[in-house]
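In: I'd like to go over a predicted model; first the sequence, then the structure.
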Amino acid sequence: MGFKEDMATFQVKFKALEREYEQWFSGALPTPPWNTQKICERIVNQYSRNPSRNLSEQTIFSMHQAKFNTYMEMWNRRIRLKEEGKLPTGREERSKRFVASPPRPQSAESGSADPYKKVFDNYVTAKRQAGESTEKLNYDSFRNALKKQAEQLRSSRGIENVNFGVSLKNGKVSVVARRKKA
């Protein structure tokens, strides 16, 4: 095969490799995509050992090689995190994405607990599970920040009732606000 055919094959296989790695990280595939990765590596190694004499071909190959190397570093880092248990599997991540709780504290007469406390507890738990530090977290500051965010949503977007929850995405824990359904 010639250079153009090899680069076309590389592009197709690399796109497939991206899809397969995402499926594997999400838990949809049982094993990493080693076969597709080997095909891409073979093409990259072939043109690394025997560079083209044409400057435009060298430039095209360098661009593909840089992208391949960048993605391989990212995937290797994610594999390492997954092996260490710091990257949740797809099923765990989907179940932990959003834990809803009411945004407004209820009056003392109703006898219910502070709803911000539940969000704070879920946030602290999720951060610990993700291996993040919780030393500097302060409930009062957290509650005030959520109240301020809820007020901003009310005034800027006209959202009257807001639910706050904890989201875990790509190993990062965050608090998210959503419109409370009536």
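Out: Yep, that arrived.
In: Please make it C-alpha for all contacts and neighbour counts, starting now.
Out: OK.
In: Which other helices and strands does the longest helix along the chain contact?
Out: Identified as the longest helix of the chain according to DSSP state H is helix 55-83. Packed against helix 55-83 by the contact rule (3 or more C-alpha pairs under 8 Å, 6 or more residues apart in numbering; DSSP states H and E) you find helix 3-26.
In: And the residue nearest the centre of this protein?
Out: residue 170 (2.5 Å; C-alpha atoms, centre = their mean).
In: Tell me the predicted confidence for it.
Out: Looking at residue 170, its pLDDT is 70.
In: Buried residues, the longest helix of the chain. List them.
Out: Under the neighbour-count criterion of 16 or more other C-alpha atoms under 10 Å, helix 55-83 has 61, 62, 64, 65, 68, 75, 78, 79 buried.
In: And stretch 153-168, by the same measure?
Out: 153, 161, 162, 163, 164, 165, 166, 167, 168.
In: Can you give me the end-to-end span of it?
Out: Distance between the boundary residues of stretch 153-168 (C-alpha to C-alpha, to the nearest Å) amounts to 22 Å.
In: Run the chain-centre distance for that stretch.
Out: 22 Å (C-alpha atoms, centre = their mean, to the nearest Å).
In: Could you count how many residues lie near residue 129?
Out: Other residues near residue 129 come to 15 when the count uses other C-alpha atoms under 10 Å.
In: That one and residue 169, how far apart?
Out: 13 Å.
In: which of the buried residues of helix 55-83 lies closest to residue 178?
Out: Of all these, residue 178 sits closest to residue 78, with 29.2 Å by C-alpha to C-alpha.
In: picking that back up, what does the residue nearest to the centre of the chain show for phi and psi?
Out: Reported as degrees, to the nearest 10, the phi and psi values for residue 170 are phi 50, psi 40.
In: That'll do, ta.
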